[in-house]
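Chemist: dropping the sequence and predicted coords here.
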Amino acid sequence: MARANWGLVDEFDQLRAEMDKVFNSFFEERPRVRTNSRWIPPVDILEGKDAIHLFMELPGVRKEDVAISVQDETITIKGGKHRDSESSDEQYLVNERRYGSFERSFALPSNVNRDKIDASLKDGILKVTLAKVKESEPKKIEIKVA
């Protein structure tokens, strides 16, 4: 069974995000306070007999703030998490939670049925199930004696 290179598109996004962090760290006045920058939710991808399952950690994200699309050989998941309204007389001492928009794209293997993709969001975990195309059995052809 051929496997797609799931992480190629994703690795470039992660590299760009890490480079942005390095450059932004030089210009932050308060290194402990993070701005409303882009974040990259972690993903696990598991392959089973009949489907591929993608799990993405999205704590605090509502399903209305997530969009999943399939185009050509790529599935894209994008959305965002917004900071609660802040009081003008308070400021963060420590701010480790991530906010902002995210977008992750993955190459789809050829054995995924694009008409049978399901998604659910429960307890901060987005689960995307990509059903596989049923493989056909080889047809045996009988040779007749002439």
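Modeler: Thanks, I have the structure now.

Chemist: per-residue confidence for the residue nearest to residue 82 when sequence neighbours are not counted?
Modeler: Among residues not flanking residue 82 along the chain, residue 99 sits closest, at 6.3 Å (CB to CB, 6 or more residues apart in numbering). To be clear about C-beta, it is placed using only N, CA and C from the backbone, and glycine gets the same treatment. Residue 99 is assigned a predicted lDDT (pLDDT) of 81.

Chemist: what's the closest non-adjacent residue to the spatially most central residue of the chain?
Modeler: By CA atoms, centre = their mean, the mean C-alpha position of the chain lies nearest to residue 104, the distance being 4.5 Å. Spatial nearest neighbour of residue 104, excluding adjacent residues (CB to CB, 6+ apart): residue 77 at 5.2 Å.

Chemist: how far away is that neighbour from residue 92?
Modeler: Separation of residue 77 from residue 92 (CB to CB, to the nearest Å): 28 Å.

Chemist: more neighbours, the two?
Modeler: Shown here are residue 77 and residue 92; by other CB atoms under 10 Å, residue 77 has more neighbours (21 against 13).

Chemist: this structure: helices as residue ranges?
Modeler: For the chain, applying DSSP state H gives helices covering 7-27.

Chemist: lowest-scoring secondary structure element of the protein by mean pLDDT?
Modeler: Among the helical and strand segments of the chain, the one scoring lowest on mean pLDDT, DSSP states H and E is helix 7-27, with a mean of 69.

Chemist: just to revisit the earlier point, the residue nearest to residue 82 and residue 38: what is the separation?
Modeler: For residue 99 relative to residue 38 (CB to CB), the value is 10 Å.

Chemist: what of residue 84?
Modeler: Distance of residue 84 to residue 38, given as CB to CB: 19 Å.

Chemist: contacts only, for residue 112.
Modeler: 52, 130-133 (CB atoms under 8 Å, 6 or more residues apart in numbering).

Chemist: tell me the confidence at it?
Modeler: Residue-level pLDDT assigned to residue 112 equals 92.

Chemist: bridged to it, which residues?
Modeler: Beta bridges link residue 112 to residue 132, judged by DSSP bridges.
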